[in-house]
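Q: Structure here, sequence nowhere to be found:
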């Protein structure tokens, strides 16, 4: 009952002493005194037990508080390290993002240059093909004219051979020069075509 009421040992002792004083027990009334002692002993035991449990609880509580302080300090250190890591990671992410954007711009520029080079190559190839066609046409025209000229001279030689042999030698020499000139023209055009 004393524990339920929250009484401490000294408070209970004072109450007991006052009760004994009120009863004004004489030494001959020993039985009543013995009963009062037994009552006091029995009433104090739960309080003493409570103190023993309270002391152990206090020891346990102090141990838990020490552990809690230690764990709080460790947690605070871990949080500081985590904050530093977050700042470092954020910085690295920003750098990587900026680098990624830079490389994306470079890649896009490279693709544009590649497309421009592809178009330029196409234009150069088209121009070379046009040049080949022009050279081929010129070559065909020149060869055709030369062969036509040779044919006309040969016809002329054929007719002259019937009447004049002296002029025939001159015409043959002239025709030979025309053939050499035609061969030279063909070689020049062939060199132009091979250099493209």
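A: The structure has been received and is ready for your questions. All of these numbers come straight from a predicted model, not from anything done at the bench.
Q: out of all of them, which helix in this structure is the longest?
A: When the chain is parsed with DSSP state H, its longest helix is helix 30-163.
Q: so after that one, what's the next helix or strand?
A: Downstream of helix 30-163, the next assigned helix or strand under DSSP states H and E is helix 166-195.
Q: quick one: that following helix to helix 30-163, angle?
A: Helix 166-195 runs at 180 degrees relative to helix 30-163, counting by axes from the mean of the first three to the mean of the last three CA atoms, to 10 degrees.
Q: Would you confirm that residue 143 contacts residue 182?
A: Yes - between residue 143 and residue 182 there is a contact under CB atoms under 8 Å: 6.7 Å. Just so you know, the C-beta spots here come from the backbone N, C-alpha and C atoms, and that holds for glycine as well.
Q: neighbour-wise, which of these two wins?
A: Shown here are residue 143 and residue 182; by other CB atoms under 10 Å, residue 182 has more neighbours (17 against 14).
Q: Now the more buried one: closest residue in space, sequence neighbours ignored.
A: Of all residues not flanking residue 182 in the chain, residue 146 sits nearest, at 3.8 Å (CB to CB, 6 or more residues apart in numbering).
Q: Would you check that my belief about that neighbour contacting residue 180 is correct?
A: No - the criterion here is CB under 8 Å, and residue 146 misses it with residue 180 at 10.5 Å.
Q: Settle it for me: which of the two has more neighbours?
A: Higher neighbour count among residue 146 and residue 180: residue 146, with 17 against 10, using other CB under 10 Å.
Q: what sits against that one?
A: Residues near residue 146 by CB atoms under 8 Å, 6 or more residues apart in numbering: 178-179, 181-182, 185.
Q: Could you do residue 168 as well?
A: Residue 168 touches 157, 160-161, counting by CB under 8 Å, 6+ apart.
Q: With residue 87 instead?
A: With contact set as CB under 8 Å, 6+ apart, residue 87 has no partners.
Q: go on, residue 92?
A: Per CB under 8 Å, 6+ apart, neighbours of residue 92: none.
Q: Poorly predicted segments of the chain, please.
A: 1-33, 36, 40, 44, 46-54, 164-167, 193-196 (pLDDT under 70).
Q: try 50
A: 2-4 (pLDDT under 50).
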